[in-house]
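A.B. asks: got a predicted structure plus its sequence, pasted below:
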Amino acid sequence: MADLSVTYMGLPLRNPLVAASSGLTKSVEQIRKCEESGAGAVVLKSLFEEEIQAEIDDQSGGTEHTEALDYIRELETAADIQIYTRMIRDAKEAVSIPVIASINAVSRNWWEKHVPELVDAGADAVELNLSLMPYDFKDSESNILDFYLRTVEAVRACVNVPIAVKVGQHFTSIPAFVDRLKWAGANAVVLFNRFYQLDIDVEAFKLKSGSPFSTPDDLSLALRWITVTYGKTDAELVASGGIHAGEDAVKALLAGAQTVQVCSALYKNGIEHLETMRRDIITWMDRHKFSSIAQFRGKLSQKRSDTPESFERLQYIKALTERE
Ligand SMILES: Cc1cc2nc3c(=O)[nH]c(=O)nc-3n(C[C@H](O)[C@H](O)[C@H](O)COP(=O)(O)O)c2cc1C
């Protein structure tokens, strides 16, 4: 039977299906369920600096007394970090698959101070959810890129565990950016984070949220960038966004993904859907006589293509002209 085992940032995984960071990975009970359902690894729900900051603002009740505010800030932050590190410890005791902590912060000292605490608690790796929403016209592109790279360098300098960086899709050059993240200290780059989806209610004249969940169509974005980036950087590539079935995972692996992350499909079908996906990958591998994932990873990437130019502009022109 096909062997699904892979390594991810040096960690051995029994298969490439990773339960993505979400509300489904925020309790030990659910993390255990991910393991029972066949996940290769689990990324915990992110620890959000801004969420903690919002709690602090609530707690401070409008006080402007600096010392009081500092005190509340430290207490609240310590309490939240303690809850998170306890979850890491409990999860590590409860499961044998790798447990990856996830953190989203906006201030540099927060990363430097708290990532080591997650590692001390036993996290096998950390995933930095680096999601900036640059609304300010003064935020230049180079400043933003600099923030990403300096943050990864700062975290790399204070921990020894593998680091994955999860980013959004809005960059001028994804391949170059992935490679720069690697040089800054990232072992893997997760392509892509799914941001809050903005929608508009035209009757109520109000902004509203779109669906938080992806559809399989969303996968094409990760496929595009993984096919052209695979094999040209030492960063491992992780597909995230639109992986709903075993076949979607196979597509991402053929593109060159090291592992794939699943989230919306688990909300829709239950965590046990991982088992169906795993079985479907095996069935596909058996049908095509592959005994290991390494035999076909990146098979459809630009690097391994006989017609690499077809991945670039030609692909776009072909899509347009075929419609005429
Ligand atoms: C309800 C929900 C909560 C999420 N929470 C987090 C989070 O805490 N941290 C994070 O990095 N990503 C979070 N995500 C994003 C997912 O990890 C994933 O990157 C995204 O949903 C795309 O994958 P999918 O198409 O399989 O859903 C969340 C997604 C959903 C739907």
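C.D. replies: Sure, I can see it. Numbers count the residues shown, from 1 in each chain.

A.B. asks: check the offset of stretch 228-244 from the chain's centre.
C.D. replies: Its chain's C-alpha centre and that of stretch 228-244 lie 11 Å apart, by C-alpha atoms, centre = their mean, to the nearest Å.

A.B. asks: near the ligand, anything from it?
C.D. replies: Yes: counting by C-beta under 6 Å from any ligand atom, the ligand is contacted by stretch 228-244 at 240-243. C-beta coordinates here come from the backbone N, C-alpha and C atoms, glycine included.

A.B. asks: what comes up buried for that stretch?
C.D. replies: Buried residues in stretch 228-244, counted by 16 or more other C-beta atoms under 10 Å: 228-230, 233, 235-244.

A.B. asks: got the residues of the stretch 151-300 of the chain near the ligand?
C.D. replies: 166, 193-194, 212-214, 218, 240-243, 262-265.

A.B. asks: just the buried members of those residues?
C.D. replies: 166, 193-194, 214, 218, 240-243, 262-265.

A.B. asks: restricted to strands, list those.
C.D. replies: Among those, the residues falling in strands (DSSP state E) are 166, 240, 262.

A.B. asks: give me the pLDDT for the second one.
C.D. replies: Put plainly, it is residue 240. The confidence metric pLDDT takes the value 98 at residue 240.

A.B. asks: thinking again about what came up before, which one of the buried ones among the residues of the stretch 151-300 of the chain next to the ligand is nearest residue 284?
C.D. replies: Of all those, residue 243 has the smallest distance to residue 284: 14.1 Å, by C-beta to C-beta.

A.B. asks: what residue ranges in the protein score low on pLDDT?
C.D. replies: Low-confidence segments of the chain (pLDDT under 70): 50-76, 312-324.

A.B. asks: still on that earlier bit, distance to residue 138 added to the residues of stretch 228-244 next to the ligand, as a markdown table?
C.D. replies: Below are the residues of stretch 228-244 next to the ligand laid out as a markdown table (distance: C-beta to C-beta, whole Å):
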| residue | distance to residue 138 |
| --- | --- |
| 240 | 30 |
| 241 | 30 |
| 242 | 34 |
| 243 | 37 |
